[in-house]
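Participant: just a sequence and a predicted model for now, questions to come.
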Amino acid sequence: MPSSLFLPTGSHGGRITEDFTHEDIHNNKVWRAGAFGIPGANSTFSVLMVTPAAVVDTIHLNLRIETNGPGIARFYQGPNASGGSSITPSNANLSFTGSVHSVLTSNPTMTASVGSQIGITVIGSTGFKAAAGGETKSELWMLKPEERYVLQFTADAASTRTVLKFIWSE
């Protein structure tokens, strides 16, 4: 069973878990996206999520990391990041033909200002190292509108195959 992805840091509160409900999927609210990368030793692989200025509901986000090697994952709010390769999310209701409001890109350009680190986890080289987080139940992040968030994995070893997944409702 996957471990918890991020323990909140600083004054960002305690753990909250939530399942995306069957009703949320039927109401076309649940979106999924992921990106694959192979960072080298001490290199990073990142995904940027930009939330829209206004949405019908608060955006609830769950994160998941899958990797074949050790490293450190960090979650940032408000980084100076932009660009990258566009990621096309899929709605969990495959019959839905509407549009997603949030924008995701892989390998964005980041400046020295990474914003506030709001989560961190270590994926070890021994024991359970395959994944952290959960697709439907893990720490819940309630995101601010019109904000930038970056999930970043820093690999400890060369050729670390890594998948960064975002599952959210909006």
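Facilitator: Nice, I can see it. Residues are numbered from 1 along each chain as shown.
Participant: what about this protein, any weak spots by pLDDT?
Facilitator: 1-21, 26, 55-56, 125-139 (pLDDT under 70).
Participant: quick one: the helices in the chain, in order.
Facilitator: Taking DSSP state H as the criterion, the chain carries its helices at 22-26.
Participant: quick check: the residue lying closest to Ala112 once chain neighbours are set aside vs Ser169, distance?
Facilitator: Sequence neighbours aside, Asn80 is the residue nearest to Ala112 in space, at 7.9 Å (criterion: Cβ to Cβ, 6 or more residues apart in numbering). For every residue, glycine as well, the C-beta is placed using N, CA and C. As for Asn80, its distance to Ser169 is 27 Å (criterion: Cβ to Cβ, to the nearest Å).
Participant: tell me which of those two has more neighbours.
Facilitator: Ser169 (21 against 14; other Cβ atoms under 10 Å).
Participant: distance of the nearest residue to the more buried one once chain neighbours are set aside from Ala35?
Facilitator: Excluding the flanking residues, the one nearest Ser169 by Cβ to Cβ, 6+ apart is Lys29, at 4.4 Å. Between Lys29 and Ala35 the computed distance is 22 Å (Cβ to Cβ).
Participant: same deal with His22?
Facilitator: 27 Å.
Participant: please apply the same query to Ser169.
Facilitator: From Ser169 to Ala35 the distance is 20 Å (Cβ to Cβ).
Participant: for the closest residue to Gly98 other than its chain neighbours, grab phi and psi.
Facilitator: Once flanking residues are discounted, Gly98 sits nearest to Asn28: 6.1 Å by Cβ to Cβ, 6+ apart. Phi and psi for Asn28, reported as degrees, to the nearest 10, are phi 60, psi 30.
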